[in-house]
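In: quick one: sequence plus predicted model below, questions after.
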Amino acid sequence: NKPQPLRGKRLLITAGPTRESLDPVRFLSNHSSGKMGFAIAEQARSLGAEVTLIAGPVALPTPAGVTRINVESAGQMLETVMAKVNSQDIFIATAAVADYRAENVADNKIKKNADELTLTFVKNPDILKTVAGLPKPPFCVGFAAESQDVEAYAKRKLADKKLDMIAANDITVAGLGFNSDANALQVFWPEGHCDLPAQPKTELALALLNVVIERYQEKNDT
Ligand code: PMT
């Protein structure tokens with residue numbers, strides 16, 4: 001029988017992209033497939049956790065034994081996370097949340113009459129920062145998708161968002177990161193770091209969870 005170090009623990013995971021409507025037929029989004037977050041959800045379940053997976057629009061089956069809630073926009077993802085977060089022990093934010101949304105969503109399809117089109121975007125709320133700023137936050141693990149200065153930007157996000165841990169991926173490496181089956185992570189926490197080399201996301205998810213469990217136990221034993 002497999003060890004169940006997460007038995008009795010509740011994990012909340014966000015995965016996939018968000019979609020921000022521009023008009024009734026168009027949206028702003030990104031290339032996240034949800035594979036990283038779904039792999040973490042599946043592995044956390046296999047380690048005994050009670051897992052809630054809040055997923056943006058992705059074409060993936062729900063891992064067995066995992067409770068899945070589908071959302072579209074960053075606003076809906078925030079609302080759903082906040083409704084679930086109070087009872088959680090660990091929060092892992094793998095979702096690629098759109099940083100901006102259209103200031104006004106057009107009621108009707110935008111017509112292509114003009115040669116140029118200017119839209120105004122406003123900043124979306126930061127879901128992870130909101131959770132980590134709660135009076136009694138769960139153990140908070142962020143992701144960082146970076147195309148340059150991976151370590152420096154990841155450490156800045158760790159400190160700015162007051163996280164327990166951040167897992168950074170360099171999205172410029174071919175075959176890794178967005179919408180691929182493999183990934184590599186540089187993991188940072190306030191007192192240390194480790195590298196998880198390139199491997200299938202299913203295996204990487206387990207390696208990351210082992211680091212999370214170690215830090216979580218250390219934090220909660222002291
Ligand atoms: O889905 P896949 O195709 O498998 O790809 C995996 C991945 C590349 C999407 C994943 O490994 C990853 O890097 N996810 C984070 C992507 C991202 O948006 O990173 P960021 O550096 O912009 O955000 C930092 C952290 O804040 C993330 O944990 C993010 O979920 C969170 N965030 C960001 C903005 C926002 N408004 N709310 C948030 O919660």
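Out: Thanks, I have it.

In: from the ligand, how far out is L11?
Out: Noted for L11: a distance of 14 Å to the ligand, by C-beta to the nearest ligand atom, to the nearest Å. Yep, even glycine has a C-beta here, placed from its N, CA and C like the rest.

In: please enumerate residues in contact with the strand or helix carrying that residue?
Out: Under the criterion of DSSP states H and E, L11 resides in strand 10-15. Contact with strand 10-15 is made by 32, 34, 36-38, 40-41, 44, 49-56, 58, 77, 81, 84-85, 87-95, 97, 127, 138, as judged by C-beta atoms under 8 Å, 6 or more residues apart in numbering.

In: what lines up beside the next helix or strand after it in the sheet?
Out: Sequence-wise, the next helix or strand downstream of strand 10-15 (DSSP H and E) is strand 20-21. According to DSSP bridges, strand 20-21 forms sheet pairs with strand 27-28 (antiparallel).

In: what does the strand it pairs with contact?
Out: Outside strand 27-28, the residues touching it (C-beta under 8 Å, 6+ apart) are R19, E20, S21, L22, A98, Y100, R101, A102, F121.

In: out of the residues you listed, which is nearest to A144?
Out: Lowest distance from A144 to the contacts of strand 27-28 (C-beta to C-beta) belongs to A98, with 15.9 Å.

In: ok, that closest one - contacts?
Out: Taking C-beta under 8 Å, 6+ apart as the test, what A98 contacts is P17, T18, R19, E20, L28, S29, N30, S73, A74, N124.

In: so how far is the ligand from it?
Out: 7 Å.

In: ok, now Q148?
Out: Separation of Q148 from the ligand (C-beta to the nearest ligand atom) stands at 12 Å.

In: who are the contact partners of the closest residue to L176 other than its chain neighbours?
Out: Setting aside the residues directly before and after it, L176 is nearest to N183 in space (C-beta to C-beta, 6 or more residues apart in numbering), at 5.1 Å. When contacts are counted by C-beta under 8 Å, 6+ apart, N183 touches M36, N169, L176, G177, A198, Q199, K201, L204.

In: for this structure, which residues are neighbours of the ligand?
Out: Residues of the chain lying close to the ligand by C-beta under 6 Å from any ligand atom are 14, 16, 32-36, 74, 93-97, 99, 124, 126-128, 142-145, 157, 169, 177-179, 183.

In: can you tell me which of the contacts of strand 27-28 is nearest the ligand?
Out: For these, the residue nearest the ligand by C-beta to the nearest ligand atom is A98; the value is 7.2 Å.

In: mind listing what's buried along the helix or strand encompassing T202?
Out: In this assignment (DSSP H and E), T202 forms part of helix 201-221. By neighbour count, with 16 or more other C-beta atoms under 10 Å as the criterion, the buried positions of helix 201-221 are 201-202, 204-209, 211-213, 215-216.

In: and I110, how far from the ligand?
Out: Taking C-beta to the nearest ligand atom, one finds I110 at 24 Å from the ligand.
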